[in-house]
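*Asks:* Following is a predicted model, sequence given first.
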Amino acid sequence: MQTFQINEISIIDLIGLVFCTLALIEIVSYIFQKKLQNVDFVILSAYTFSITFVFISNIFEHGFLWNFLDEYEGFFKDLHTLFFLVFLYIQTMNRIQSERIQHEKLIQEGLEIKTKLLMEIHHRVNNNLQMISGLITLQKNSIQDQKIIKAFEFIYNRIFTIASVHRLVYQSKDILRCHLRPIIESILEQLKMTFMFQQNIISLHMDVDADLTIDLDRAIILGLILNELICNSFQHAFAPEQEGIVEVRLQISAEIYELNVYDNGIGWRADSESTSGIGLVLVSNLVSQLNGNLETTFENGTNIKIIFPSRNIVTV
């Protein structure tokens, strides 16, 4: 009878060993995959094996059912308890992980909706600005005074610059940053059309890295600055029928943007309207918004250099 009892307890111990081995595999699976394949089943099995193991071992050891509550003294009782606590912890962590994944999914869906709404806003802003530009053009065509016509053209170009940035934003995948090269190309093409009928033959050159990006607000500011400076060169830098060159260079070094607008014209006179008009006043104010500095040199023409930090600095 003693041999039978020992053999039966050994069989139960063997079953417990098999279960513990399976449990160990599940733990390793959790460690490497950050999840359990069948968490509820494993924990239920651990709980059932723990109770059944103590119950059967007490029957074989004492022979009485009323000894069910007796503690089973041995290695496997502690091991089952340990595995039960481990899997209970893992189930809690797995539930927390599932909830976190669900929350991340909801956040991602919210971000996608907000992104679509922002893209729609940029699209509508561009459309509204295009409508305003059309109204300005209609009004300009009914005017004979050349000074007023030029004033309308300047307003049109400024609106076009802002609209170009919004158009390029909603056409791109990134709504937070804009590539500068397409913006500058669009502005230069528009200014070519604006001044195509004047007597001068002026060539526009651009040296801008295709990878340069900037946030939306400063893209609009930079576009307006560029529009004013190039318009100023077309209007005041060259004598009648003089062939000229206007160059735009933009580069970044040590987190500092450097914009250079150069023309090989006759240079600006200190008393000319080009140095005191609304254009350069606007440029000065816009440069301040970029937290930048403006330098002007008159050597073999005119070069205006603007430097500003690559990161947007928010002042309170």
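*Replies:* Looks like it arrived, so ask away.

*Asks:* those helices in the stretch 201-316 of the chain, which residues are they?
*Replies:* Along the stretch 201-316 of the chain, the stretches classed as helices by DSSP state H, counting those that start in this stretch are 216-236, 278-289.

*Asks:* Out of the ones you listed, which is the most enclosed?
*Replies:* Highest mean neighbour count among the helices of the stretch 201-316 of the chain (mean count of other C-beta atoms under 10 Å): helix 216-236, with a mean of 23. The way it works is simple: take the backbone N, C-alpha and C, and place the C-beta from them, glycine included.

*Asks:* From the contact counts, what lies against that one?
*Replies:* Other elements packing on helix 216-236 under the criterion 3 or more C-beta pairs under 8 Å, 6 or more residues apart in numbering; DSSP states H and E are helix 146-171, strand 177-179, helix 180-194, strand 201-208, strand 243-253, strand 256-263, helix 278-289, strand 302-309.

*Asks:* quick one: contacts for Ile159?
*Replies:* Residues near Ile159 by C-beta atoms under 8 Å, 6 or more residues apart in numbering: 129, 132-133, 136.

*Asks:* Now rank those residues by neighbours and give me the top one.
*Replies:* Leu129 (19 neighbours; other C-beta atoms under 10 Å).

*Asks:* In contact with that one, which residues?
*Replies:* Contacts of Leu129 (C-beta under 8 Å, 6+ apart): 159-160, 162-163, 166.

*Asks:* So what pairs up with Lys305 in the strands?
*Replies:* Judged by DSSP bridges, the bridge partners of Lys305 are Asn260, Glu295.

*Asks:* was I right about it contacting Gly292?
*Replies:* No - Lys305 is beyond contact range of Gly292, at 9.9 Å (criterion: C-beta atoms under 8 Å).

*Asks:* Comparing the two, which residue is more hemmed in?
*Replies:* Between Lys305 and Gly292, counted using other C-beta under 10 Å, Gly292 has the larger neighbour count: 21 against 16.

*Asks:* and the closest residue to the more buried one other than its chain neighbours, what does it touch?
*Replies:* Leaving out its chain neighbours, the residue that sits closest to Gly292 by C-beta to C-beta, 6 or more residues apart in numbering is Phe308, at 3.0 Å. Going by C-beta under 8 Å, 6+ apart, Phe308 touches 256-257, 287, 290-293.

*Asks:* quick check, nearest of these to Ala151?
*Replies:* Closest approach to Ala151 among those (C-beta to C-beta): Val287, at 23.0 Å.

*Asks:* just to revisit the earlier point, output the helices of the stretch 201-316 of the chain in CSV; the columns should cover mean pLDDT and distance to Gln251.
*Replies:* Output for these, formatted as CSV (pLDDT from 0 to 100; distance: least, C-beta to C-beta, whole Å):
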stretch, mean pLDDT, distance to Gln251
helix 216-236, 86, 13
helix 278-289, 84, 17
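
*Asks:* any chance of the ones you listed in JSON lines, with distance to Thr194 too?
*Replies:* Shown next, in JSON lines, are the helices of the stretch 201-316 of the chain (distance: least, C-beta to C-beta, whole Å):
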{"stretch": "helix 216-236", "distance to Thr194": "8"}
{"stretch": "helix 278-289", "distance to Thr194": "14"}
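
*Asks:* doesn't Gly265 make contact with Pro240?
*Replies:* No - Pro240 is beyond contact range of Gly265, at 11.6 Å (criterion: C-beta under 8 Å).

*Asks:* Neighbour count: those two, which is higher?
*Replies:* Neighbours were counted for Pro240 and for Gly265 using other C-beta under 10 Å; Gly265 has more, 21 against 7.

*Asks:* That one: what's its closest spatial neighbour, skipping adjacent residues?
*Replies:* Nearest to Gly265 is Ala237, by C-beta to C-beta, 6+ apart, at 2.9 Å.

*Asks:* Ile304 is in contact with that neighbour, correct?
*Replies:* No - counting by C-beta under 8 Å, Ala237 does not reach Ile304; the two are 10.9 Å apart.
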